[in-house]
Structure formats: structure tokens, C-alpha cells
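>>> Only the shape, not the letters, is given here:
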Ligand SMILES: [Zn+2]
Ligand SMILES: [Zn+2]
């Protein structure tokens, strides 16, 4: 793990710069060659780059990503297919408890040989830089697609009580709020005072922005 971390360069490099072959997210195709039909399996564990995260959940930078890829020389370039596995962490979209979940992203990308770009769909495909492939951008796209928009700690998580914010999975089954119960009226008063403090806590004011 530590030897990867020392090699990894998280900084974005200028588009004209050569790729760093020591970067574990750069694939070297020299062993594969360019004869159509040849194949190469690449299995490695790499530290996750920055940016593999949505709002509520993501794969932490530096945590383990397992790549299991097949590189295949085709006429136009190199076809990269396979899976990326990691562990995402975040919070439950219903009750805000911490969640950890396995994430598997599928990769299927064609990287064209330099100079072989055919006009119309050049935007949609990657390109080799010399003999090297920069995996990070497409890997990021694939991982972001594989992350859940709204992760849950369990499929039947009941979420939070709208009145007191308690986790409904942890309170008694008959949890209700009787406004005449003095135990709650004290809490309601506290909640009202908290809601009135701090401009940063204000509800989004849509009108102001228009
Ligand atoms: Zn939950
Ligand atoms: Zn409640």
C-alpha cells in the first residue's frame, strides 16, 4: 500500500504533458503490442484517486481500489474492459448513520492509437498517449455511475422521526409525540430556539437568487 502511495501523483497534469508510467492508473501497452487480437490481463490494487464521491457517499482517496482489466488490441486501438472494486463510505440517506458498502464499476472503453482518431465520434473515445493509457478519467466516470445516489444503512431503514429526529429503528414501536406531554414540550421549545439561530441554518431562499 505505502509503495503505491509514494508513487501516486494526484495533481491533474496539463493535457500536453506525457503520462507518468509509474502512476498505477496509467496502463502500459508495450507488452500487449499492436497486433489485433492480442490480449493482456491487468490486475492490480491501487490507491483511489480524488473525486470518486457523490454528495452522500464515495470512495475515500487513498483507499484500496482493485482493478481487474483485460486489454485487447483491436484495429483502431486498445479496448479496455473489466471491473473496478472498492469500498464506499458515507451516510445513510434516511437516518444519517455511517454506511460502508462495496462498489463495483464496469469499464468498457476504447482508446484509439495516436493519430487514428476518426472525426465524428472522436469526442466519445479516449486516446493512447504514446504507448500509455490514462485510466483515471474514465474510471472516475464509471465509479460515479456505480455509486448509489441515496445510500441506505439497510433496505428497510425507517429513517428519522420528523418531530424529534430520533432514529425510528431505535425507538419504541409506538413512538409518537403527544403535544401535551411535558417531556416533549421542553424539547420543542429548545428546537424552536435552535431553529431561530444562525443565518447559515436558514432554509434555502429561492426567491433571493432570481
Ligand atoms: Zn439508515
Ligand atoms: Zn420523535
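The structure has been received and is ready for your questions. Every value quoted in this text rests on a predicted model; they were computed, and no experiment measured them. Ligands and ions are numbered 1, 2, ... in the order given.

>>> From here on, just use CA atoms for contacts and neighbour counts.
OK.

>>> Distance-wise, check the closest residue to ligand 2 within the chain relative to residue 192.
Residue of the chain nearest ligand 2, by C-alpha to the ion: residue 164 (4.0 Å). Using C-alpha to C-alpha, to the nearest Å, residue 164 is found at 12 Å from residue 192.

>>> what does residue 35 give?
On the measure of C-alpha to C-alpha, residue 35 and residue 192 end up 71 Å apart.

>>> So, low pLDDT: which residues of this structure?
1-17, 116-123, 179-189, 196-210 (pLDDT under 70).

>>> ranges for the helices of it?
2-7, 136-146, 182-195, 206-209 (DSSP state H).

>>> Could you tell me which residues make contact with the residue nearest the centre of the chain?
Note on the chain: the residue nearest the mean C-alpha position is residue 52, at 3.1 Å, using C-alpha atoms, centre = their mean. The contact partners of residue 52, taken as C-alpha atoms under 8 Å, 6 or more residues apart in numbering, are 58-61, 140, 143-144.

>>> Residue 133: which of those residues is nearest?
residue 140 (14.2 Å; C-alpha to C-alpha).

>>> who in this protein is up against ligand 1?
92, 95, 153, 157 (C-alpha under 5 Å from the ion).

>>> Tabulate the residues you listed in a markdown table, adding columns for neighbour count.
Output for the residues of the chain next to ligand 1, formatted as a markdown table (neighbours: other C-alpha atoms under 10 Å):
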| residue | neighbour count |
| --- | --- |
| 92 | 20 |
| 95 | 19 |
| 153 | 20 |
| 157 | 15 |
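
>>> could you pick out which of the residues you listed are near ligand 2?
Within the residues of the chain next to ligand 1, nothing lies near ligand 2 by C-alpha under 5 Å from the ion.

>>> how about those residues in CSV, adding distance to residue 105?
Output for the residues of the chain next to ligand 1, formatted as CSV (distance: C-alpha to C-alpha, whole Å):
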residue, distance to residue 105
92, 21
95, 26
153, 20
157, 25
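
>>> residues near the residue of the chain closest to ligand 2, how many?
Residue 164: 13 surrounding residues under other C-alpha atoms under 10 Å.

>>> Also residue 30?
10.

>>> quick one: contacts for the closest residue in space to residue 102 that isn't next to it in sequence?
Leaving aside its sequence neighbours, residue 102 sits nearest to residue 87 (C-alpha to C-alpha, 6 or more residues apart in numbering; 4.5 Å). Residue 87 sits next to 59, 63-65, 100-103 when contact means C-alpha under 8 Å, 6+ apart.

>>> just residue 134 next, same as before
Counting by C-alpha under 8 Å, 6+ apart, residue 134 makes contact with 19, 25-27, 128.
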